[in-house]
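Peer 1: When you get a sec, could you give me coordinates for this:
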Amino acid sequence: MKRILLAEDDPDILYMLQKLLCSEAITCDAVLDGQAAISAYDKAVYEDRPYDLLTLDAAMPLKTGYEVTEYIRKKRSDDVPIVIVTAHTEPLAKAHADYAGATDWWPKPFEPHEFKRRVLDILSGKPRQEWSTSGLSKRDEVSHG
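Peer 2: Okay, the predicted model is just below:
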C-alpha cells in the first residue's frame, strides 16, 4: 500500500482530497500546517514507514510548503516526490518550488479528478505530464488559497 502526506491549510480542500485519494488503496495522512507536516514526516522516517509522495500547500501557517520541502531535501536528504500546490501561478512561484527542491508544482485551481490522476501517475512511476487547467467546470474546481 502506498502512503502519502497531504498538507493543506483549508480543511474543506483537505477533506475532499482525503476522500478522493484514500479510496485508491492509498494510506493518507493529513495535516493543516507546515510544522505538522514536518512532524508527520519525521515520525514516518523514525518508524521506518516512509511516504511515497507529499503534497504541500505553498502558503500554510507555521511553515510554508517551500520550507517543508527545503527541510526534507537539505536536513534529511530524502528524494521522496514532493508536489507544491499553490494559487500563485506566476513564474516566480514555480522557480521558488524548484529552488526548494520540489519534484513538481501544480497550480490552483485544479479539477479534483485531474489531481487524483496526477497523484496516481506519480505513485505508479509514470513520467510527468503537463498540468492543464483548461476547460474546468467551475462546480468541480478547487481554488482556495
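Peer 1: State the distance from the residue nearest the centre of the chain to residue 68.
Peer 2: In the chain, the residue lying closest to the centroid (C-alpha atoms, centre = their mean) is residue 55, at 1.1 Å. Applying C-beta to C-beta, to the nearest Å, the value for residue 55 to residue 68 is 11 Å. All C-beta atoms are positioned from the backbone trio N, CA, C, and that covers glycine.
Peer 1: so what sits against both of those two?
Peer 2: Contact criterion C-beta atoms under 8 Å, 6 or more residues apart in numbering; residues shared by residue 55 and residue 68: residue 7.
Peer 1: what's the nearest residue to the residue nearest to the centre of the chain if we skip its chain neighbours?
Peer 2: Leaving aside its chain neighbours, residue 55 sits nearest to residue 83 (4.8 Å; criterion: C-beta to C-beta, 6 or more residues apart in numbering).
Peer 1: so the one you found is in which element?
Peer 2: Per DSSP states H and E: residue 83 is located in strand 82-86.
Peer 1: coming back round to it: who are the contact partners of the residue nearest to residue 55?
Peer 2: Taking C-beta under 8 Å, 6+ apart, we find residue 83 in contact with 53, 54, 55, 56, 102, 103, 104, 105, 106, 118, 122.
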